[in-house]
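Visitor: Return atomic coordinates for the entry below.
(2 chains)
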Number of protein chains: 2
Amino acid sequence: MLSIALLGTGNVAKHLFDALLRQNEVQVVQVAGRNKEALTYFEKDIKITTNFDHIDDADIYIIAISDDAISLVSERLMDKKGLVVHTSGSVSMQALKRNQRRGVFYPLQTFSKTKKIDFKGIPICIEAANENDLKLLQLLGGAISNKVSEISSEQRESLHLAAVFVNNFTNHLYHIGHEICKENKVPFHMLKPLIMETAQKINDLTPLEAQTGAARRNDMETIRKHIHQLENNAYREIYSLLNQSIRKTYGEKL
Amino acid sequence: MLSIALLGTGNVAKHLFDALLRQNEVQVVQVAGRNKEALTYFEKDIKITTNFDHIDDADIYIIAISDDAISLVSERLMDKKGLVVHTSGSVSMQALKRNQRRGVFYPLQTFSKTKKIDFKGIPICIEAANENDLKLLQLLGGAISNKVSEISSEQRESLHLAAVFVNNFTNHLYHIGHEICKENKVPFHMLKPLIMETAQKINDLTPLEAQTGAARRNDMETIRKHIHQLENNAYREIYSLLNQSIRKTYGEKL
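Guide: Purely as a prediction, here's the structure:
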């Protein structure tokens, strides 16, 4: 059985913890975090500590904390014999500077505090410095997900950047849609089937094929009307730039 | 039984036709379109014509054509006694200038040529100049969808603008994600669970609550790294603008 020490108490740590707890092949032996209150989530099931110098021995140490603290926290594990991994999409494996065995275990998904999620469908990107540790991460990943892939630090950084566009920025567009609805007193929930269909469509079509709308059709009258409707300057600027980018994509001379 | 004449042969016309064909309360009596080849899709089930002056009498005439042609085509129906409606999100009901009875029948969804879609869940926005015609459109809408709402031209224009952000622009962000993956030789399909979860999340949270990522956290190191990674100028500009807009939303002084 694989023993795991989990460092961190945020959304990724919590969701990972919940998924690992249900597996027989894996045992979480300890959860460490600086925030005592955040640790209460874990303490009914597992040993906890607020002191990173009191981490128990484990086969794998999973550092699931904010990007800028990974390097520092990994130094507290430099005497450990087990494999040290972080869960970040944008941080290189090399950030785990002084660890003897190091790797990455990156679940490519967005995690919220309140929303449950099934780990089985989440792609997990793994990376390690040697074959044996890669196998270990395959074992760990396979326990909770059906989609474990070996991905280099460089590739992972590209995936993470692409994820910013399709997740962070997309959600912000939902927010702008929400604001437009609020200002004009129309119910935002009417847009939800459209939002779902937009996402589902790319299972059948490439985004290039799936594009519709005034920009794609180069329908200048509708575009002008939209820009006129937008009272918020920031939203008007976003409209213009994305509109322009779509027209460029489909070969319109601007 | 409601008799329907359908004018148009594009995606909206086709999907609407397929949905109407399955209903007993409604009978499509004719489909009209200028493009003879496009009409072949309909001719096995129904009478067709390429001449807009040869439209049969019907209870409702549905004009499902491109926005800029609606007004002109509606003039060909000015002597008809039935109700004339268009299916556009961004065109006012007044565009049906010289029709005695007029209205709007707008299905708020994105339609592709190849992808089948269940009309039951699609919100249909209806509008008419009088109570009786509104009831008629409720009957028509109710035959194919569970979500029929009365929406004014002004409200519909707002919904359509919001739809551009959550559908057209979102799909373009998927495209940018796709391009980043292609350039860096990572499989785009790895992002699909993230795309689905991003869309599903807003059933439980508002987009304002659901926002995650470097811009939300004001994580400047990651943001700088992303901008450095982006070789395409247009994408870098989009990144900067959306990034800035998210930071502004969460109260960061820029």
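
Visitor: Return the nearest residue of the stretch 1-150 of chain A with respect to chain B.
Guide: A:P123 (4.6 Å; Cβ to the nearest Cβ). For the C-beta atoms, the positions are set from N, CA and C on the backbone; glycine is no exception.

Visitor: quick one, what contacts that residue?
Guide: Each residue near A:P123 by Cβ atoms under 8 Å, 6 or more residues apart in numbering or on different chains is listed here: A:P107, A:L108, A:Q109, A:S145, A:K147, A:V148, A:S149, B:M190, B:P193.

Visitor: In contact with the fourth one, which residues?
Guide: Okay, so that is A:S145. Per Cβ under 8 Å, 6+ apart, neighbours of A:S145: A:P107, A:F119, A:K120, A:G121, A:I122, A:P123, A:I124.

Visitor: what's the answer for the last one, then?
Guide: The neighbours of B:P193, taking Cβ under 8 Å, 6+ apart as the test, are A:L108, A:Q109, A:G121, A:I122, A:P123, A:K147.

Visitor: Which ones among the contacts of A:S145 map onto strands?
Guide: Among the contacts of A:S145, DSSP state E puts A:P107, A:P123, A:I124 in strands.

Visitor: Give me the below-cutoff pLDDT ranges for the stretch 51-200 of chain A.
Guide: By pLDDT under 70, the stretch 51-200 of chain A has no low-scoring segment.

Visitor: near chain B, which residues of the stretch 1-150 of chain A show up?
Guide: Residues of the stretch 1-150 of chain A lying close to chain B by Cβ under 8 Å from any Cβ of the partner chain are A:66-68, A:90, A:108-112, A:114-115, A:117, A:121-123, A:125, A:147, A:149.

Visitor: now with 6 Å?
Guide: Contacts of the stretch 1-150 of chain A with chain B, taken as Cβ under 6 Å from any Cβ of the partner chain, map to A:D67, A:S90, A:L108, A:Q109, A:T110, A:K115, A:G121, A:I122, A:P123.

Visitor: Now for those residues: which two are most distant?
Guide: By the measure Cβ to Cβ, A:D67 and A:G121 form the most distant pair in the residues of the stretch 1-150 of chain A next to chain B, at 24.7 Å.

Visitor: more neighbours, those two?
Guide: Taking other Cβ atoms under 10 Å in any protein chain shown, A:D67 and A:G121 do not tie; A:D67 has more neighbours (18 against 14).

Visitor: Show me where chain A has its strands.
Guide: With DSSP E as the criterion, chain A has strands spanning A:2-7, A:26-32, A:47-49, A:60-63, A:83-86, A:102-107, A:123-128, A:147-150.

Visitor: hmm, which of the contacts of A:S145 are the buried ones?
Guide: Buried by 16 or more other Cβ atoms under 10 Å in any protein chain shown: A:P107, A:F119, A:I122, A:P123, A:I124, out of the contacts of A:S145.

Visitor: quick one: contacts for the second one?
Guide: Counting by Cβ atoms under 6 Å, 6 or more residues apart in numbering or on different chains, A:F119 touches A:A19, A:I144, A:S145.

Visitor: Now for A:L205, how many residues are close by?
Guide: For A:L205, the count of nearby residues is 15 (other Cβ under 10 Å).

Visitor: ugh, typo on my part, it should be A:E37
Guide: The burial count for A:E37: 8, using other Cβ under 10 Å.

Visitor: how far away is it from A:N11?
Guide: Using Cβ to Cβ, to the nearest Å, A:E37 is found at 15 Å from A:N11.

Visitor: A:H86 now?
Guide: According to Cβ to Cβ, A:H86 stands 15 Å off from A:N11.

Visitor: Comparing the two, which residue is more hemmed in?
Guide: Set A:H86 next to A:N11 and count neighbours by other Cβ under 10 Å: A:H86 wins out with 28 against 16.

Visitor: partner residues bridging the more buried one?
Guide: With DSSP bridges as the criterion, A:H86 is bridged to A:I63, A:V104.

Visitor: I'd say it and A:S71 touch.
Guide: No - proximity of A:H86 to A:S71 does not meet the contact threshold set by Cβ atoms under 6 Å, at 9.1 Å.

Visitor: Could you list the alpha-carbon positions for stretch A:165-181 in CSV?
Guide: Presented in CSV, the C-alpha positions along stretch A:165-181 are these (Å, rounded to 0.1, in the frame of the first residue of the first chain):
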residue,chain,number,x,y,z
PHE,A,165,-8.0,30.6,-21.7
VAL,A,166,-10.6,27.8,-21.7
ASN,A,167,-11.3,28.0,-17.9
ASN,A,168,-10.3,31.3,-16.2
PHE,A,169,-11.1,33.5,-19.1
THR,A,170,-14.1,31.6,-20.2
ASN,A,171,-15.6,32.0,-16.7
HIS,A,172,-14.9,35.7,-16.9
LEU,A,173,-16.9,35.9,-20.1
TYR,A,174,-19.7,34.1,-18.2
HIS,A,175,-19.4,36.8,-15.6
ILE,A,176,-19.7,39.5,-18.3
GLY,A,177,-22.8,37.8,-19.7
HIS,A,178,-24.2,37.7,-16.1
GLU,A,179,-23.5,41.4,-15.7
ILE,A,180,-25.2,42.3,-19.0
CYS,A,181,-28.2,40.3,-18.0
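
Visitor: Show me the contact partners of that stretch.
Guide: A:110, A:188, A:191, A:235, B:158, B:161-162, B:165-166, B:169-170, B:173-174, B:176-177, B:191, B:194-195, B:198, B:202, B:207-208, B:210-211, B:213, B:242, B:246.

Visitor: Just the buried ones from the residues you listed?
Guide: With burial judged by 16+ other Cβ under 10 Å, the buried subset of the contacts of stretch A:165-181 is A:110, A:188, A:191, A:235, B:158, B:161-162, B:165-166, B:169-170, B:173-174, B:176-177, B:191, B:194-195, B:198, B:202, B:207, B:210-211, B:213, B:242, B:246.

Visitor: So which of the residues you listed belong to helices?
Guide: By the criterion of DSSP state H, membership of those in helices covers A:235, B:158, B:161-162, B:170, B:173-174, B:176-177, B:194-195, B:198, B:207, B:210, B:242, B:246.

Visitor: Can you name the two of these that sit furthest apart?
Guide: Largest separation among these by Cβ to Cβ: B:S158 and B:L194, giving 29.1 Å.
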